[in-house]
Structures are given as structure tokens and as C-alpha cells.
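Enquirer: Fold the following for me, if possible:
(one chain, ligands or ions: 1)
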Amino acid sequence: MQLERGLYIVPTPIGNLSDITMRAIEVLSTVDAIAAEDSRQSLRLLRHYGIDRPLLAYHDHVAEAASSAIAARIDGGEAIALISDAGTPLVSDPGYRLVRAVQALDLPVIPLPGPCAAIAALSASGLPTDRFLFEGFLPAKSGSRCQKLQAAANFRGTLIYYEAPHRIVDALADAVKVLGGDREAVLARELTKAFETLHRASLEDMLCWVEADSNQQRGEIVLLIGPSDSSQSSIDDATRTLLLRLGEELPPRRAAALVAEFSGLKTRELYELLIAERSKDDNA
Ligand code: SAM
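Expert: Residues are numbered from 1 along each chain as shown. Got it, this is the predicted structure:
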């Protein structure tokens, strides 16, 4: 196979070594060099597939210099692959500056699809997949972590976080504090590996479960959190307030029909929200 010059973004397995595409193996076997985050880790992986190509060091603290050098080699006609320690490069992994440097010279960047822990976890989570917010790693300190969780609290879809095992209990405790204990959550641990675990529970129960079993505080973890009941609705806060206020003056159907007329939302959705809010008040 003859490869055109360019930067090839090549995902590698996140655990199970069979999770690599035929095209990834072809590209890695053919490129002029492979830019890798950790050469020892990558050598082990490449040897497993019988791939023997020169390795170039690429990590965040040498990104500036390494990016220019690699972009210059591509400009000179070479095909270079970028891999990370696991999964898709650039997804919570180095590579951003390199992609920018190559694009700045108007050279091709060619993505290969493949393993990514966030997407694998989402696909099996049973949480909404039509909208999701990938936030990478949560901050290590509780104050900043709570701020980051708060900023995503009203997102109308699934929240996805990578988390280190020694911080998962603290992260869950902060999530309960900021988002409430009722939200549905999924802990996806050691995906594609021997101890693969996908556990679904409310945030509160998840915290108890992880606290009680130290095995759940080991390995690689993706934490997914479903939307709150109110954020699942397509009704924004201003419309909701108006609806509730009109509902105090008018019969629910009339209030819902009026708001529907001006907002373009469905009368039925608005009516159901109003009834649900009323029964909350009645039960309070
Ligand atoms: N680029 C990678 C990707 O595409 O998923 C992610 C790299 S990031 C440095 C590493 C984090 O991804 C881990 O700390 C963990 O949160 C998550 N991760 C990686 N492999 C995983 C696995 N097999 N199971 C669950 N989470 C995993």
C-alpha cells in the first residue's frame, strides 16, 4: 500500500488488543514514522501486531517543537501516524497542537475511526445518546470539580467524564452534592478487559456501591450521568416560568395552549409539564 503524505490519526485498543481495525494496522505498517506518546508502551503494542516502524516522541511538554518537526517532515512528503497510549488520539490525549501545525501548512490530516472509551461507554450505558457532553477529566480539587459539575447541571443530555480510580469516590460525592442523588448514572470500568463492569444506579446508590467495594475503585473508569428530569424537557426556563404563572390564572389546557401559540412548543408537552408540577405541589 502506498500512503499519501499526511498525518494519520490512528486509534489503538483501550484494553482488548483485538480491537484494532485492519486499516489501522495497514497504515501503521506503512507510514514513514509513528508519533507516540510513550514509546515503551507503544513498542509493546506495535510488536504485538508485528509492526516495525520508527517511533517519534510526541507528548504535551514537547508539543511545540515536536509539532513543527513532524509537520516539516510531512511537508517533505512523508506519511506520519499519530497514536496515543490507548484509544483515539486527542480525546483527553496529546495531539491538538500537532494537528494545528499540520493544518497550518495546508497538509492533510486523515482520521481513522476506532476505539474511544467515552463512546464505548455511552453506547452501552442505556442513557440518552442523542445529545451528550464529553468533559474529559474532572478537576482533582473538590472546589473546581463542583464548579465544573455545576456548569453542566442543566445540560439536556448525558454527561461523560473520565475519572481516575483514586478519585472516583470523591467525584461521586461531589456529583451527589451538586446534581442531587436521584440522577441516573452509569459507571463503565475496565471496558473490553477481564473485569469489565457496567453498573447503573442513581448517583446516591452509585456512591454507596463504589464506597462499599474497593474493587470498584480500581482500573480505568468512565462516569456517565443522565440528564435531570427537568432538563430532559425541551422547555426553557423562561417559558416554564411563564407557563406556571399562567397556570395559576387559567385552566391548565388554556394556559398550555396559549404558551404553545407563542413558543411553537406542543400544547400536550406543556400541559403535561403543568400537570406534573401541580401534582408535585400537591404532594409537597
Ligand atoms: N484517548 C482515550 C480514549 O479515546 O478513550 C482516552 C485517554 S485518557 C488519558 C485515559 C482515560 O480514559 C482513563 O483514565 C479512563 O477514564 C478512560 N479509559 C481508557 N480506557 C478505558 C477502559 N478500558 N475502560 C474505561 N475507561 C477507560
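
Enquirer: Could you pull out the helices in this structure for me?
Expert: Secondary structure of the chain (DSSP state H): helices at 22-30, 39-48, 63-75, 96-104, 117-125, 142-151, 168-179, 203-212, 229-232, 237-249, 252-263, 267-283.

Enquirer: and the ones you listed as JSON lines, adding mean pLDDT and mean neighbour count?
Expert: Placement of C-beta: from N, CA and C, glycine included. As requested, the helices of the chain are exported to JSON lines (pLDDT from 0 to 100; neighbours: other Cβ atoms under 10 Å):
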{"stretch": "helix 22-30", "mean pLDDT": "98", "mean neighbour count": "16"}
{"stretch": "helix 39-48", "mean pLDDT": "93", "mean neighbour count": "14"}
{"stretch": "helix 63-75", "mean pLDDT": "94", "mean neighbour count": "17"}
{"stretch": "helix 96-104", "mean pLDDT": "96", "mean neighbour count": "17"}
{"stretch": "helix 117-125", "mean pLDDT": "98", "mean neighbour count": "20"}
{"stretch": "helix 142-151", "mean pLDDT": "97", "mean neighbour count": "15"}
{"stretch": "helix 168-179", "mean pLDDT": "98", "mean neighbour count": "20"}
{"stretch": "helix 203-212", "mean pLDDT": "98", "mean neighbour count": "18"}
{"stretch": "helix 229-232", "mean pLDDT": "62", "mean neighbour count": "13"}
{"stretch": "helix 237-249", "mean pLDDT": "91", "mean neighbour count": "14"}
{"stretch": "helix 252-263", "mean pLDDT": "93", "mean neighbour count": "17"}
{"stretch": "helix 267-283", "mean pLDDT": "81", "mean neighbour count": "14"}
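
Enquirer: among those, which is nearest the ligand?
Expert: Closest approach to the ligand among those is made by helix 117-125 (3.3 Å; Cβ to the nearest ligand atom).

Enquirer: Tell me if that closest one is near the ligand.
Expert: Yes: Helix 117-125 lies within reach of the ligand by Cβ under 6 Å from any ligand atom, at Ala117, Ala118.
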